[in-house]
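Novice: sequence first, predicted model second:
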Amino acid sequence: MFTPRRPALALPLPVTPTRSFPRAVLAGLLCSLLGAAVPTQAQPTPHAADTVRLQLTSSVQRALQVSPEVDQVRTQRRRAAARHREARASRFLTDFSLNTAHSLAPGLTNTATSEEDPFEYYLDPNIDNDWTLGALRPFSDFSVVARQPLWTWGELSGNIRAADRAVDVEAARVDGKALEVAFRTGEIYYNVLLTEALDRLAARTGDVIDRAQREVQRLLDEGSEDVDNADLFQVRLTEQEYRRRLVEIDQRRTTARSALRRQLFLDDATPLELAADDLTPIDFSLHPDSLPHYLALGRRHRPELNQAAAGIAARQALVDVARSDYYPKLGFQATYGYSFTLPERPRQKNAFIGDPYRGSRTRTGLGLQMNLNFKQTEARVEQAQAQLNEVRYQEEAAQQLIRFEIEDAYRQVIIAQTDVQSRDEDVRITTEWLRTEQINFDLGFGDTENLVKAVRANLEAEARYYEAVQRFNIAVLRLWRVTGVLADRAQNGTLID
């Protein structure tokens, strides 16, 4: 862990070295730079009631709450959970349905002349169905079917296991999308901080250039021999370069803030303010166990590995489901039906006589069901096995890719950390150089060109320092992302602003 100093300037000031640059201008320029390098106490400013004040943690938390990308994947998880409930419900009364049919039934015609009991029409050969249009009457049929599987050779339990593991697959996808959104939010957050810092420093640099231009103009007006029109032209060229860079910084700042608003779904009219006053390195130290520690974190927390493990379990269950078709399934079935015609046809009271247009029926008992097309069953088993092998290969590839990502992110943190330390030392060295040149200049034996070089080197060193800090912070976020803990750290409030 390290805590580098905070430089006050980070915008390179394009100064063309020249021995004829006036001493008075350089002295004024130097005083402005040294004055800007002293941090001033920030004064509290009133904030509107609806101002959104953001930190890194709060930004990531809000992004995870409002992101439609995460909500979209959460919807898939809810869908998988509903399929799991459906699979569990299928254990009892797999088929429990009511079926109805409504049509027209024929009337009855009797060609006999003698009167007889309507309940004994089945004895009269002269009774027949009358299909003439006027004799048709409404007919309805109702049937209730209930089937309960008793032994399915793993088909029901396999479907339940597959649906259960499918929920885990979708949950891992939610975690993966949350990691993606959290990292993108953190990256945008630090982009905004960088552009804010550069914007503040650009304003200070503009004051320095403006002061230098006024000083040269004053000396020219007084007829000083220390300056000529070439010095004024040099300052004006420096001013134009500064203006070009100022526009670039302003546009990047606007773009970065707009990106943060879009990521957090904030209205353009809502005031946005970052809680951090300056861009500083994340308070982060690599674990003593170093790379093995982060590899172990990745194996435990990366959602891709959890997703692959759940996918393998789900595919294995589906293989068992496909194999169950090789064996007969035992079940219990109960069926009850009732039919009637209005006006009612007379019911024939004989156990061996049935009227399809009136009466009740029932069938209850045990039954076997077996698919005898074994070639189709074999093909389905092979397809399920191929899908299982596909997920296994994906898991192997994911393990190697994740290991590489963690190793790369780990080494990028080391590189970025060293870069910040080196850039911080650059700032210290150039500041010391600048002060030495100022002392020599004040004592009368300083070199003008060396002083200009020191000014430029100090400004460029501070600019590179801020860029290094941003890269380091993003490298730390990337390490947390590839180990799978970034979103959890944000939700638990353990991210360091």
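Specialist: Noted; the coordinates are in hand.

Novice: mind listing what Q333 touches?
Specialist: V145, A146, R147, Q148, R363, T364, G365, G367 (Cβ atoms under 8 Å, 6 or more residues apart in numbering). In this view, the C-beta of every residue, glycine as well, is placed from N, C-alpha and C.

Novice: hmm, 7 Å instead?
Specialist: A146, R147, G365, G367 (Cβ atoms under 7 Å, 6 or more residues apart in numbering).

Novice: likewise for A101?
Specialist: Each residue near A101 by Cβ under 7 Å, 6+ apart is listed here: D141.

Novice: so what are the sheet partners of the one helix or strand it maps to and their directions?
Specialist: In this assignment (DSSP states H and E), A101 forms part of strand 95-105. Strand pairing for strand 95-105, using DSSP bridges, gives strand 137-151 (antiparallel).

Novice: got the buried residues for the partner strand?
Specialist: Neighbour-count burial for strand 137-151, counted by 16 or more other Cβ atoms under 10 Å, picks out R137, F139, D141, S143, V145, R147, P149.

Novice: can you lay out those as JSON lines showing distance to R173 and pLDDT?
Specialist: Shown next, in JSON lines, are the buried residues of strand 137-151 (distance: Cβ to Cβ, whole Å; pLDDT from 0 to 100):
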{"residue": "R137", "distance to R173": "59", "pLDDT": "92"}
{"residue": "F139", "distance to R173": "53", "pLDDT": "94"}
{"residue": "D141", "distance to R173": "48", "pLDDT": "95"}
{"residue": "S143", "distance to R173": "43", "pLDDT": "95"}
{"residue": "V145", "distance to R173": "38", "pLDDT": "95"}
{"residue": "R147", "distance to R173": "35", "pLDDT": "93"}
{"residue": "P149", "distance to R173": "32", "pLDDT": "93"}
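
Novice: nearest to R53, of these?
Specialist: Set against R53, the nearest of these by Cβ to Cβ is P149 (59.9 Å).

Novice: now do the contacts for the closest one.
Specialist: Neighbouring residues of P149 by Cβ under 7 Å, 6+ apart: T94, L156, K329, G331.

Novice: now the first one. Its backbone dihedrals?
Specialist: T94 has phi and psi values of phi -50, psi -40 when expressed as degrees, to the nearest 10.

Novice: give me the number of residues near it?
Specialist: 14 (other Cβ atoms under 10 Å).

Novice: ditto for the third one
Specialist: Per other Cβ under 10 Å, the neighbour tally for K329 reads 18.

Novice: kindly report the same for the second one.
Specialist: L156 sits with 20 neighbouring residues when counted by other Cβ under 10 Å.

Novice: any idea which element it lies in?
Specialist: Here L156 is assigned to helix 155-221, by DSSP H and E.

Novice: chain neighbours aside, what residue packs nearest to the residue most central in space within the chain?
Specialist: The residue lying closest to the centre of the chain (Cα atoms, centre = their mean) is K177, at 2.8 Å. Using Cβ to Cβ, 6 or more residues apart in numbering and skipping residues adjacent in sequence, the residue nearest K177 is V73, 4.7 Å away.

Novice: try Q72
Specialist: K177 (8.0 Å).

Novice: what sits against the residue nearest to K177?
Specialist: R173, V174, K177.

Novice: mind running it again at 8 Å?
Specialist: With contacts defined as Cβ under 8 Å, 6+ apart, V73 is in contact with E170, R173, V174, K177.

Novice: and for stretch 413-421, what are the contacting residues?
Specialist: Stretch 413-421 is contacted by residues 2, 4, 281, 284, 286, 465, 468-469, 471-472, 475-476, 479 when judged by Cβ under 8 Å, 6+ apart.

Novice: now that stretch: buried residues?
Specialist: By neighbour count on 16+ other Cβ under 10 Å, the buried set for stretch 413-421 is V413, A416, Q417, D419, V420.

Novice: now do the host helix or strand of the first one against helix 155-221, angle only.
Specialist: Secondary-structure element containing V413, defined by DSSP H and E: helix 374-443. Helix 374-443 runs at 20 degrees relative to helix 155-221, counting by axes from the mean of the first three to the mean of the last three Cα atoms, to 10 degrees.

Novice: quick one: list the elements packing against whichever helix or strand comes after the strand holding A101.
Specialist: Following strand 95-105 in sequence order, the next helix or strand is strand 107-110 (DSSP H and E). Here strand 107-110 touches strand 127-130, going by 3 or more Cβ pairs under 8 Å, 6 or more residues apart in numbering; DSSP states H and E.

Novice: what segments of the stretch 201-350 of the chain are strands?
Specialist: Ranges of strands in the stretch 201-350 of the chain, per DSSP state E, counting those that start in this stretch, are 272-274, 329-341.

Novice: mean pLDDT lowest where, among these?
Specialist: Sorting the strands of the stretch 201-350 of the chain by mean pLDDT places strand 272-274 lowest, at a mean of 85.

Novice: list the buried residues in it.
Specialist: L272, L274.

Novice: what lies in contact with it?
Specialist: Strand 272-274 is touched from outside by 47, 51-55, 189, 192-193, 196, 257, 260-261, 266, with contacts defined as Cβ under 8 Å, 6+ apart.

Novice: what lines up beside it in the sheet?
Specialist: As defined by DSSP bridges, the strand partners of strand 272-274 come to strand 52-54 (parallel).

Novice: highest neighbour count among the contacts of strand 272-274?
Specialist: Greatest neighbour count in the contacts of strand 272-274, by other Cβ under 10 Å, goes to Y189: 29 neighbours.

Novice: shouldn't it be in contact with Q61?
Specialist: No: using Cβ atoms under 8 Å, Y189 is not in contact with Q61; the gap is 11.8 Å.

Novice: before we move on, back to that, so for the helix holding L156, what's the average pLDDT?
Specialist: The pLDDT scores in helix 155-221 average 88.

Novice: ok, D289 to A296 distance?
Specialist: 8 Å (Cβ to Cβ, to the nearest Å).
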